[in-house]
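Student: sequence unavailable; structure follows:
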């Protein structure tokens, strides 16, 4: 089993989506203004929802997605190989994004932690932090 999609929430969708495009280089797949913006990640999807809007039914009979959502910061970790971690650190610093922590895990691998404009905790890490 693999994760197909994961969701984060942001009150200001456009500001947060611009961060994912400009800083992380993600590409928008689809959007419903004021409700969600989705990004492609190779073989997965990052869903960015407006929490208040996603707590309501879609109002579309062709898309009977149940209401859902969360308020407050979430977390997602992006997979990176060892050589690209230094590149990610430079990229974040060049974009003015503070790195909250660089963690060298006891069993191997490194993580970089930072935040998006909505306050979500983001991480770029080597898969070996989980023995992968």
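Tutor: Received, thanks. Please read these numbers as outputs of a predicted model, since none were measured by experiment. Residues are numbered from 1 along each chain as shown.
Student: now for residue 87, how many residues are close by?
Tutor: 12 (other CB atoms under 10 Å). C-beta coordinates here come from the backbone N, C-alpha and C atoms, glycine included.
Student: which SS class is it?
Tutor: helix (DSSP: H, G, I helix; E, B strand; the rest coil).
Student: gap between residue 8 and residue 58?
Tutor: 19 Å (CB to CB, to the nearest Å).
Student: same question for residue 10.
Tutor: For residue 10 relative to residue 58 (CB to CB), the value is 18 Å.
Student: those two: who's more crowded?
Tutor: Of the pair residue 10 and residue 58, residue 10 is the one with more neighbours under other CB under 10 Å, namely 24 against 16.
Student: pretty sure the more buried one contacts residue 118?
Tutor: Yes: using CB atoms under 8 Å, residue 10 is in contact with residue 118, at 3.5 Å.
Student: quick one: mean pLDDT for stretch 64-81?
Tutor: Averaging pLDDT along stretch 64-81 yields 89.
Student: quick check: buried residues in it?
Tutor: By neighbour count on 16 or more other CB atoms under 10 Å, the buried set for stretch 64-81 is 74, 77, 79-80.
Student: same question, stretch 96-115
Tutor: Going by 16+ other CB under 10 Å, stretch 96-115 has these buried residues: 97, 109-114.
Student: just stretch 10-22 next, same as before
Tutor: Counting neighbours by 16+ other CB under 10 Å, stretch 10-22 gives 10, 13, 16-17, 19-20 as buried.
Student: where's residue 46 relative to residue 128, distance?
Tutor: On the measure of CB to CB, residue 46 and residue 128 end up 22 Å apart.
Student: likewise residue 32?
Tutor: Where residue 128 is concerned, residue 32 sits at a distance of 37 Å (CB to CB).
Student: SS state for residue 14?
Tutor: Relying on three-state DSSP, one would call residue 14 helix.
Student: quickly note the distance from it to residue 123.
Tutor: From residue 14 over to residue 123 (counting by CB to CB), the distance is 24 Å.
Student: equivalent analysis for residue 60, please.
Tutor: 34 Å.
Student: the more surrounded of those two?
Tutor: Taking other CB under 10 Å, residue 60 and residue 123 do not tie; residue 123 has more neighbours (18 against 9).
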